[in-house]
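Novice: The sequence isn't on hand, but the structure is:
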């Protein structure tokens, strides 16, 4: 699932100006859902390690309208950072399930 979302993020960055506000919002919802799923996969990690991730999820949830309205360059930067984060979390969750 994460790999598909990362590909979708990369495609959205290429679309730039042609990505509608609704498409941006829908992509952000999918990113949030993936972050929540990744957090759940890391359930064996102590809860205090999730404080920053929980804050990120809450902040992005509340700021979705502003994120969807960002200029293309800003929005692409946000997508790039989420792409890196999701790839890292996916790697961590795969490592955690192997042990």
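Specialist: Noted; the coordinates are in hand. Everything numeric here is computed off the predicted structure, so don't read it as measured data. Residues are numbered from 1 along each chain as shown.

Novice: Excluding chain neighbours, give the residue nearest to the residue positioned nearest the centre of the chain in space.
Specialist: When CA atoms, centre = their mean is applied to the chain, the residue found nearest the centroid is residue 31 (3.6 Å). With CB to CB, 6 or more residues apart in numbering as the criterion, residue 31 has its nearest non-adjacent residue at 5.2 Å, and that residue is residue 82. The way it works is simple: take the backbone N, C-alpha and C, and place the C-beta from them, glycine included.

Novice: now that neighbour: how far from residue 10?
Specialist: Applying CB to CB, to the nearest Å, the value for residue 82 to residue 10 is 11 Å.

Novice: Who has more neighbours out of these two?
Specialist: It is residue 82, of residue 82 and residue 10, that has more neighbours when counted by other CB atoms under 10 Å, with 21 against 12.

Novice: surely that one meets residue 32?
Specialist: No: using CB atoms under 8 Å, residue 82 is not in contact with residue 32, being 9.5 Å away.

Novice: got any ranges where this protein has weak pLDDT?
Specialist: The model of the chain has pLDDT under 70 over residues 93-99.

Novice: mind listing the helices for it?
Specialist: 2-15, 21-41, 51-68, 72-98 (DSSP state H).

Novice: what packs against the second one?
Specialist: By that I understand helix 21-41. Helix 21-41 sits against helix 2-15, helix 51-68, helix 72-98, with contacts defined as 3 or more CB pairs under 8 Å, 6 or more residues apart in numbering; DSSP states H and E.

Novice: For those, give me TSV that also has distance to residue 39.
Specialist: Output for the helices and strands packed on helix 21-41, formatted as TSV (distance: least, CB to CB, whole Å):
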stretch	distance to residue 39
helix 2-15	13
helix 51-68	6
helix 72-98	8
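
Novice: ok, now which ones touch the nearest residue to residue 56 once chain neighbours are set aside?
Specialist: Computed as CB to CB, 6+ apart, the closest residue to residue 56 that is not its neighbour in sequence is residue 35, at 7.2 Å. By CB atoms under 8 Å, 6 or more residues apart in numbering, the contact list for residue 35 reads 53, 56, 57, 60, 85, 86, 89.

Novice: Thanks a lot, catch you later.
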